[in-house]
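>>> Next come a sequence and a model predicted from it.
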2 protein chains.
Amino acid sequence: MPNATTTTTTSQRSSKSEIRTAEIYRVAANLIQEKGYDATSMNDIAKKLKLTKAGLYYYINGKRELLYSITKFGMQQLEDQVLTPCRAIEDPEDRLKQMIERHTLMILEIGGSISILTDEIQSLTPANRKRIVMLKRGYMELVRETLQELRAQKKMKQLNINITAMNIFAVILGVARWYSPKKGWTSKKVSREVSKFVMGGILK
Amino acid sequence: MPNATTTTTTSQRSSKSEIRTAEIYRVAANLIQEKGYDATSMNDIAKKLKLTKAGLYYYINGKRELLYSITKFGMQQLEDQVLTPCRAIEDPEDRLKQMIERHTLMILEIGGSISILTDEIQSLTPANRKRIVMLKRGYMELVRETLQELRAQKKMKQLNINITAMNIFAVILGVARWYSPKKGWTSKKVSREVSKFVMGGILK
């Protein structure tokens, strides 16, 4: 379990089983991203985790539910680690900066594949997809409102708010695609670089 | 052929067959991105293009070559429309701005799926992958050198050059993921917003 320690820091008081589940989602997400959902079997996932198939079923109900479980886990992390704490921040500049840094840190901690899968939700059933779309819409709204507050404070450059919101997400989610631990930068370093770059792009 | 006109503006003097080939790549890339490479058949592509299978084989040699042809097309467009003209620009600030705007415009013109496939090259044979990796490395070098020139001119913020280069690519390639013609912005508007945001993130 190479990433168990990283995962521990993620949640406040993770039980052993929660840590194991997060690790299973990370490994499954990596495989699905590499091979595609259809080509990834429960056997592949069990093998990669050095579990028996029965052992794997102790943690997850089956492949049909897996994709939704992974994306729900990703959205839950986003809610707990990014959205809830940031909604409580009064100052929009501070809120946006915290949002960028916390989301980037979260991606680096849970692993990029989970974030990418959560972003690419075509394979979900319409009902499950809807729940995730709703959660994302809430995030989008928070960013748009924050940008509007910055505009009202005359701190924001003359930029389109919707396009800017998409650009912000692109930089954050980009980390999920390009980052590899081999690069040697700490999570803190990457998240600060990202927020400095994005805040510079937005603020006058 | 909803995009044939857009494609015409792309290349200097496209023959009818070149336009048709670009359109085929665009449709095939959309399908591959939606369904995955394995699940996409030559029949699916022919059907979507309202071509017979024989008609499709007039333009492309087969599925095995298709992925490489699409990525080669994407890289060729990048070379012709972005890298070659930008290498000729002396001033690094102007060069970077042109690079961002031209690459964004190119993505909007050839369609996001081709750019995304070119970015995600796991399914290629090692030899073909290597050629694309080499082309990408050249682009990366051009961006890094440009940032170093900006730093030497004391125009660049205190940012890590490698992370900044990845952030720049993330914003540009992000457009391939989030843009839809339904949004109603012109290509010019989007490319200017992207360059303003990125340049603001980098420059003091």
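That came in fine, so what should we check first?
>>> wait, A:Leu135 sits on A:Glu79?
Yes: applying CB atoms under 8 Å, one finds A:Leu135 in contact with A:Glu79, separated by 7.1 Å. In this view, the C-beta of every residue, glycine as well, is placed from N, C-alpha and C.
>>> For those two, indicate the residue with more neighbours.
Taking neighbours as other CB atoms under 10 Å in any protein chain shown, A:Leu135 and A:Glu79 compare with A:Leu135 leading, 19 against 14.
>>> From chain B, how far off is the more buried one?
17 Å (CB to the nearest CB, to the nearest Å).
>>> which residues touch the nearest residue to that residue once chain neighbours are set aside?
Of all residues not flanking A:Leu135 in the chain, A:Met75 sits nearest, at 4.8 Å (CB to CB, 6 or more residues apart in numbering or on different chains). Contact analysis of A:Met75 by CB atoms under 8 Å, 6 or more residues apart in numbering or on different chains lists A:118, A:132, A:135-136.
>>> what sits against A:Val82?
A:Val82 neighbours (CB under 8 Å, 6+ apart): A:99, A:102-103, A:106, A:139.
>>> longest helix in chain A, by residue count?
helix A:126-152 (DSSP state H).
>>> Let me see the mean pLDDT of that one.
In this model, helix A:126-152 has an average pLDDT of 91.
>>> Buried residues of that helix, list them for me.
Residues A:128, A:132, A:135-136, A:139, A:142-143, A:146-147, A:149-151 are the ones in helix A:126-152 that count as buried (16 or more other CB atoms under 10 Å in any protein chain shown).
>>> same deal with stretch A:50-69?
By neighbour count with 16+ other CB under 10 Å, stretch A:50-69 contains the buried residues A:51, A:56, A:59-60, A:66-69.
>>> Give me the three-state assignment for the closest residue to A:Gly111 other than its chain neighbours.
Computed as CB to CB, 6+ apart, the closest residue to A:Gly111 that is not its neighbour in sequence is A:Arg26, at 4.3 Å. Following DSSP: H, G, I helix; E, B strand; the rest coil, A:Arg26 is assigned to helix.
>>> Would you mind identifying the helix or strand in chain A with the lowest mean pLDDT?
helix A:4-10 (a mean of 43; mean pLDDT, DSSP states H and E).
>>> May I see the buried residues of helix A:126-152 organised as CSV, with distance to A:Lys204 added?
CSV is the format used below for the buried residues of helix A:126-152 (distance: CB to CB, whole Å):
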residue, distance to A:Lys204
A:Asn128, 41
A:Ile132, 35
A:Leu135, 32
A:Lys136, 29
A:Tyr139, 25
A:Leu142, 22
A:Val143, 18
A:Thr146, 16
A:Leu147, 13
A:Glu149, 14
A:Leu150, 9
A:Arg151, 10
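>>> quick one on the thing from earlier: and which of the buried residues of stretch A:50-69 is nearest to B:Thr21?
A:Leu67 (35.0 Å; CB to CB).
>>> how many degrees apart are whichever strand or helix holds the closest one and helix A:126-152 in direction?
Applying DSSP states H and E as the criterion places A:Leu67 in helix A:63-78. Per axes from the mean of the first three to the mean of the last three CA atoms, to 10 degrees, the angle that helix A:63-78 makes with helix A:126-152 is 20 degrees.
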